[in-house]
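Engineer: Sharing a model that was predicted from the sequence below.
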2 protein chains.
Amino acid sequence: MNYRLTISYDGTRYHGWESKKEVDTIEGKLEAVFARMTEQDVKIHGAGRTDAGVHAMGMVANGFLDTMLTPEEIKAYANHYLPDDICVMDVSEATERFHARLNAKGKVYQYTCYIGDEKPVFDRMYTWVLPEWVTNGTPDRMPDIEAMQKAAGYLIGTHDFKSFCGNNKMKKSTVRTIYDITIAEERGYLRMTFHGNGFLQNMVRILTGTLLEVGYGRMHAEDMETVLASRDRQKAGPTAPPHGLTLLEVEYGV
Amino acid sequence: MNYRLTISYDGTRYHGWESKKEVDTIEGKLEAVFARMTEQDVKIHGAGRTDAGVHAMGMVANGFLDTMLTPEEIKAYANHYLPDDICVMDVSEATERFHARLNAKGKVYQYTCYIGDEKPVFDRMYTWVLPEWVTNGTPDRMPDIEAMQKAAGYLIGTHDFKSFCGNNKMKKSTVRTIYDITIAEERGYLRMTFHGNGFLQNMVRILTGTLLEVGYGRMHAEDMETVLASRDRQKAGPTAPPHGLTLLEVEYGV
């Protein structure tokens, strides 16, 4: 039976999603727990591969599990044996053809920054405190959010995002569609939400770094057109660090 | 000049508030940073001594600092040199007689539990996931909050709280006044807030453990009277672990 899993995790301690020998990964922890449960090798397919240090509130994965347990019992078993920083939120039976990555229609990521003269003590693992090289030396200076929103307008739509791809050996298509980017500030927390049909390696982190360049006046909103057209990673902004990024949701068709 | 400091910290990595040789404490970190700033030994007085692992959003402390810096500059200096899990939220000039502990009129603590078949991945350092020995073997069973509120009613007021004191060699008065206890549940999170004129060692954690005994039917609300009257630590419930506890606020007279 093929099962669909919804998973949340704090990525701080992990070398990313994808199974790797000798290091801890989210997929590796899940595969180990389900192998223990079924006494068989298990392959889990995630909707995407989050980078080392990136978090998820609603990652979706699937895997074939040979078990008599109900979905609720599978969830209870997994949460009992998984570490405290990985939680299976939901288990449901899926059709044999369901594949978490191939069937994904959209993803929503959120990037959280903090700007101010205090420190987000309790959110510090999930928030990028903007350093002085970003804020032009003024720790509590807010970026120009209107300019960032204008820049985001150029990025929304179907484009070749090669300039925003962290893998410079990428051979497959770098065309993606961004449906929406929202940017909101509240009490020093700047949250950027990216909704698209898929994202290239490091793409959300490079989009974040580039929008902040615009917000602090080192790039102009209109520059987004030339950055996209250049297909040159060097033309975009820096890659924001992983710990501010959380995968909120993966969408599937009906 | 005597300064009043408001401090937030994640207590996870620390051996409590109070300065100790050879181990990291919050007070020790603050004293080291202010000694660096003033090039003098500095003694910081906290409103109370939080246990190892306990957090604070609004600890208040005071200290005499021989410096030409403004309060804003002191705050910026401290936050620059303090680790990521300690933040000075506010610095203000105080009268020479202000003493954070001796002048404190009240304190508000919050204890957070989680009950459910999921896990609070992102709040796990600040939340006690109730184990089966508390929930009578049913991980998602909510306690009887009405019974807990009734028990809390017996605890509110001025009482000898010796039964709720973790220090059995306590020689000073164990009489304290609790002004209010609120208990609220939201999406699996059970939050108990304790407002009093002061709390004995481990007192909030023992109150929490005892209220949960009532919530899960192992004690009755009415038992609080005999527990208080006994002045015997053995009669109260177990001590809840430190990581669910946060000092929210310290109050001072006008």
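Structural biologist: Happy to help now that I have it. Numbering: from 1, shown residues only, chains lettered A, B, ... in the order given.
Engineer: Do I have it right that A:Thr177 meets A:Thr158?
Structural biologist: Yes. Counting by CB atoms under 8 Å, A:Thr177 does reach A:Thr158; the two are 4.4 Å apart. Where you see a C-beta, it was placed from the backbone N, CA and C, and this is true even at glycine.
Engineer: tell me, how many neighbours does A:Leu102 end up with?
Structural biologist: 10 (other CB atoms under 10 Å in any protein chain shown).
Engineer: ugh, typo on my part, it should be A:Gln40
Structural biologist: A:Gln40 has 12 neighbours, counted by other CB under 10 Å.
Engineer: OK, contacts around it?
Structural biologist: For A:Gln40, the contact set (CB atoms under 8 Å, 6 or more residues apart in numbering or on different chains) comprises A:Asp66.
Engineer: gap between it and A:Phe64?
Structural biologist: As for A:Gln40, its distance to A:Phe64 is 9 Å (criterion: CB to CB, to the nearest Å).
Engineer: near chain B, which residues of chain A?
Structural biologist: A:8-10, A:55, A:57, A:72, A:75-76, A:79, A:82, A:84-89, A:117-119, A:121-122, A:124, A:126, A:129, A:139 (CB under 8 Å from any CB of the partner chain).
Engineer: Mind checking which of these land in helices?
Structural biologist: Using DSSP state H, A:Glu72, A:Lys75, A:Ala76, A:Asn79 are the members of the residues of chain A next to chain B that sit in helices.
Engineer: quick one: pLDDT of the nearest residue to A:Ile178 once chain neighbours are set aside?
Structural biologist: Of all residues not flanking A:Ile178 in the chain, A:Gly196 sits nearest, at 4.2 Å (CB to CB, 6 or more residues apart in numbering or on different chains). Looking at A:Gly196, its pLDDT is 97.
Engineer: The one 3 residues further on now?
Structural biologist: Per-residue confidence for A:Phe199 comes out at a pLDDT of 96.
Engineer: wait, is it part of a helix?
Structural biologist: No. Under DSSP: H, G, I helix; E, B strand; the rest coil, A:Phe199 falls outside any helix and is assigned coil.
Engineer: I only care about the residues of chain A next to chain B that end up buried; give me the PyMOL line for that.
Structural biologist: Listed next is the PyMOL selection for buried residues among these, using 16 or more other CB atoms under 10 Å in any protein chain shown:
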select buried, chain A and resi 8+9+10+55+57+75+76+79+82+85+86+87+88+89+117+118+119+121+122+124+126+129+139
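Engineer: Take the residues of chain A next to chain B and keep only those in strands.
Structural biologist: Counted as lying in strands by DSSP state E, out of these, are A:Ser8, A:Tyr9, A:His55, A:Met57, A:Ile86, A:Cys87, A:Val88, A:Met89, A:Val129.
Engineer: okay, among these, which ones form the most distant pair?
Structural biologist: Greatest spacing in those, by CB to CB: A:Val88 and A:Val129 (30.9 Å).
Engineer: And the residue nearest to A:Ile178, how close does it get to A:Tyr179?
Structural biologist: Between A:Gly196 and A:Tyr179 the distance is 6 Å, computed by CB to CB.
Engineer: List the residues that contact the residue of the stretch 151-254 of chain A found nearest chain B.
Structural biologist: Nearest to chain B, among the residues of the stretch 151-254 of chain A, is A:Thr246, at 8.8 Å (CB to the nearest CB). Residues in contact with A:Thr246 (CB under 8 Å, 6+ apart) are A:Val54, A:His55, A:Ala56, A:Met57, A:Tyr109, A:Gln110, A:Tyr111, A:Thr112, A:Tyr126.
Engineer: Remind me which helix or strand it belongs to.
Structural biologist: strand A:245-252 (DSSP states H and E).
Engineer: Can you list the strands that that strand pairs with?
Structural biologist: strand A:55-64 (parallel), strand A:104-114 (antiparallel) (DSSP bridges).
Engineer: Redo the ones you listed as CSV? Include distance to B:Arg191 and mean pLDDT.
Structural biologist: Shown next, in CSV, are the strands paired with strand A:245-252 (distance: least, CB to CB, whole Å; pLDDT from 0 to 100):
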stretch, distance to B:Arg191, mean pLDDT
strand A:55-64, 21, 97
strand A:104-114, 23, 97
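Engineer: Just name the most buried of those strands.
Structural biologist: strand A:55-64 (a mean of 23; mean count of other CB atoms under 10 Å in any protein chain shown).
Engineer: The residue of chain A most remote from its centre and chain B: what is the separation?
Structural biologist: Relative to the C-alpha centroid of chain A, counting by CA atoms, centre = their mean, A:Met68 is the outermost residue, at 33.3 Å. Distance, A:Met68 to chain B, by CB to the nearest CB, to the nearest Å: 19 Å.
Engineer: hang on, that residue in a strand?
Structural biologist: No. A:Met68 is assigned coil when assessed by three-state DSSP, not a strand.
Engineer: And the pLDDT for it?
Structural biologist: 95.
Engineer: How about the contacts made by it?
Structural biologist: Contacts of A:Met68 by CB under 8 Å, 6+ apart: none found.
Engineer: can we see that at 10 Å?
Structural biologist: A:Thr38 (CB atoms under 10 Å, 6 or more residues apart in numbering or on different chains).
Engineer: what does A:Gly28 give?
Structural biologist: Contacts for A:Gly28 (CB under 10 Å, 6+ apart) come out as A:Tyr14, A:His15, A:Gly16, A:Trp17, A:Glu18, A:Ser19, A:Lys20, A:Lys21, A:Glu22, A:Ile44.
Engineer: buried stuff in stretch A:41-59?
Structural biologist: Buried residues in stretch A:41-59 (16+ other CB under 10 Å): A:42, A:44-48, A:50-59.
Engineer: and if you look at stretch A:206-225?
Structural biologist: Going by neighbour count (16+ other CB under 10 Å), the buried part of stretch A:206-225 is A:206-216, A:219, A:221, A:223-224.
Engineer: Let's see which of those residues end up in helices.
Structural biologist: A:Ile206, A:Leu207, A:Thr208, A:Gly209, A:Thr210, A:Leu211, A:Leu212, A:Glu213, A:Val214, A:Gly215, A:Asp223, A:Met224.
Engineer: Against A:Leu155, how distant is the last one?
Structural biologist: It stands for A:Met224. Distance from A:Met224 to A:Leu155, counting by CB to CB: 6 Å.
Engineer: and for those two, which residues touch both?
Structural biologist: Residues touching both A:Met224 and A:Leu155 by CB under 10 Å, 6+ apart: A:Leu207, A:Thr210, A:Leu211.
Engineer: and the residues you listed as CSV, adding pLDDT?
Structural biologist: Supplementary listing: those in CSV, determined by pLDDT from 0 to 100:
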residue, pLDDT
A:Leu207, 98
A:Thr210, 98
A:Leu211, 98
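Engineer: domains of chain A?
Structural biologist: Domain assignment of chain A by automatic domain parsing yields the ranges A:2-94, A:105-252.
Engineer: B:Asp232: which of those is closest?
Structural biologist: domain A:2-94 (34.9 Å).
Engineer: what's the first-to-last distance across that closest one?
Structural biologist: Using CA to CA, to the nearest Å, one end of domain A:2-94 lies 5 Å from the other.
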